[in-house]
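Novice: I'd like to go over a predicted model; first the sequence, then the structure.
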Amino acid sequence: MYYKQKKYKQALQVIETALQTVKNEWVIWSHYGDILDKIGKKDKALQAYQKALELSKETDDKNNIQQKINLYT
C-alpha cells in the first residue's frame, strides 16, 4: 500500500519488519529490492533481488527477478 502511494520510507519500515519474521519468502525480498531501488540504495536492492532469486522456485518468478538483476549488471 505505501509503495503504491510512493511512501517509500513507510514501505521500507513495513517490509523490514516482515523480514524479521519471514526470512525465506522470495516475494518479500523482491519487494524489498523494489523499495530499496526507489530510495536509491542500488547495491542493497541488488542483494535483495539476488536473495529473492535464490529463494524462488518457479521459473516465471526466477525470470522476472533475473530481469531486475540484469538492470544492475
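Specialist: Here it is on my side, so go on.
Novice: in the one helix or strand I65 maps to, what counts as buried?
Specialist: Under the criterion of DSSP states H and E, I65 resides in helix 59-70. For helix 59-70, the neighbour count (16 or more other CB atoms under 10 Å) marks D61, K62, I65, K68 as buried. Every C-beta, even on glycine, is put in place using the N, C-alpha and C of the backbone.
Novice: Does Y72 belong to a helix, a strand or coil?
Specialist: Here Y72 is recorded as coil under DSSP: H, G, I helix; E, B strand; the rest coil.
Novice: And for K6?
Specialist: coil.
Novice: That one: what's it in contact with?
Specialist: Going by CB atoms under 8 Å, 6 or more residues apart in numbering, K6 touches K38.
Novice: and it, what pLDDT?
Specialist: pLDDT recorded at K6 is 94.
Novice: Count the residues that sit near T73.
Specialist: A count of neighbours around T73, defined by other CB atoms under 10 Å, yields 5.
Novice: One more: M1?
Specialist: Neighbours of M1 using other CB under 10 Å come to 8.
Novice: Find me the pLDDT at it, would you?
Specialist: 83.
Novice: now swap in the one 10 residues further on and tell me
Specialist: With respect to pLDDT, A11 has a value of 97.
Novice: does the nearest residue to it once chain neighbours are set aside count as helix, strand or coil?
Specialist: Once flanking residues are discounted, A11 sits nearest to Y2: 3.8 Å by CB to CB, 6 or more residues apart in numbering. Here Y2 is recorded as coil under three-state DSSP.
Novice: so how far is S56 from Y2?
Specialist: 23 Å (CB to CB, to the nearest Å).
Novice: try G33
Specialist: Remark: distance between G33 and S56 (CB to CB) = 12 Å.
Novice: The two: who's more crowded?
Specialist: G33 (27 against 20).
Novice: Is it correct that that one is in contact with K68?
Specialist: Yes. Taking CB atoms under 8 Å as the definition, G33 is a contact partner of K68 at 6.6 Å.
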